[in-house]
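> Prediction below, plus the sequence it came from.
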Amino acid sequence: MTLVDRALAELRAAVTPRQPVEPVKGMTPEAAYGTVLPDGVGLYVHVPFCETLCRFCPYNKVRLEAGLADRYLHALRREVALLAPLLQKARPGSLYFGGGTPTLLPDLVEEIIGRAQDFGLHGEAAIEVHPCHAMQHRRCLRAFGRLA
Ligand SMILES: C[S@@+](CC[C@H](N)C(=O)[O-])C[C@H]1O[C@@H](n2cnc3c(N)ncnc32)[C@H](O)[C@@H]1O
Ligand code: SF4
């Protein structure tokens with residue numbers, strides 16, 4: 001391992017979150033996230049998948065593999081279900097998709113935009129895009145175009 005590789009590995013270890021804590025069975029969203037969310041809370045959805053991994057990139061990402069995205073979407077749905085009672089009270093003021101390359105998963109993007117609208121999304125919505133994924137961008141951008 002070269003010095004650069006070692007420095008990159010250390011950087012990744014420093015910025016990559018540890019394994020997420022599994023919600024305790026029966027835990028309420030209030031206990032998991034605090035009693036209330038502030039009105040206009042900002043939503044950030046991380047989509048940690050890329051077709052290829054760039055060596056310079058320190059962000060939390062893995063190569064997209066069959067089945068992995070489905071498992072991620074399943075976990076995300078559970079997270080949204082857990083948060084739903086709080087989000088219904090605190091209408092989201094912004095929605096941001098970061099990555100990774102969120103436009104690789106247009107189904108996920110469309111679904112989450114729909115859920116955020118159910119919760120009364122108002123304000124800004126944004127997504128990180130990769131210049132090499134024009135088709136997926138088109139679908140994602142159309143979903144953004146449907147926002148009021
Ligand atoms: C995390 S990427 C997400 C979007 C998409 N995957 C892409 O590569 O364009 C967002 C931006 O971060 C930049 N980036 C990645 N690693 C970086 C680094 N070490 N320093 C500065 N910018 C970086 C990328 O070039 C890209 O423009
Ligand atoms: S997030 Fe973007 S910059 Fe980072 S590995 Fe993926 S494609 Fe490369």
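Sure, I can see it. Numbering: from 1, shown residues only. Ligands and ions are numbered 1, 2, ... in the order given.
> So which residues lie in contact with the helix or strand where residue 142 lies, not counting its own?
Assignment of secondary structure by DSSP states H and E places residue 142 within helix 134-145. For helix 134-145, contacts defined as CB atoms under 8 Å, 6 or more residues apart in numbering pick out 102-106, 109-110, 113, 125, 127, 129. From N, CA and C alone the C-beta is placed, and that goes for glycine too.
> buried residues in it?
Residues 136-137, 140, 143 are the ones in helix 134-145 that count as buried (16 or more other CB atoms under 10 Å).
> same question, stretch 71-82
72-73, 76, 80, 82.
> and which of these is nearest to ligand 2?
Taking CB to the nearest ligand atom as the measure, ligand 2 sits nearest to residue 72 out of the buried residues of stretch 71-82, at 15.0 Å.
> Against residue 117, how distant is the closest one?
Computed as CB to CB, to the nearest Å, the residue 72 to residue 117 distance reads 21 Å.
> same deal with residue 147?
Using CB to CB, residue 147 is found at 7 Å from residue 117.
> Just want to know which of those two has more residues nearby.
Neighbours were counted for residue 147 and for residue 117 using other CB atoms under 10 Å; residue 117 has more, 16 against 13.
> quick one, the helix or strand where residue 107 lies and helix 134-145 angle?
Assigning secondary structure by DSSP H and E places residue 107 in helix 106-118. With axes from the mean of the first three to the mean of the last three CA atoms, to 10 degrees as the basis, helix 106-118 and helix 134-145 are set at 10 degrees to each other.
> tell me which residues in helix 106-118 are buried?
By 16+ other CB under 10 Å, the buried positions in helix 106-118 come out as 106, 108-113, 115-117.
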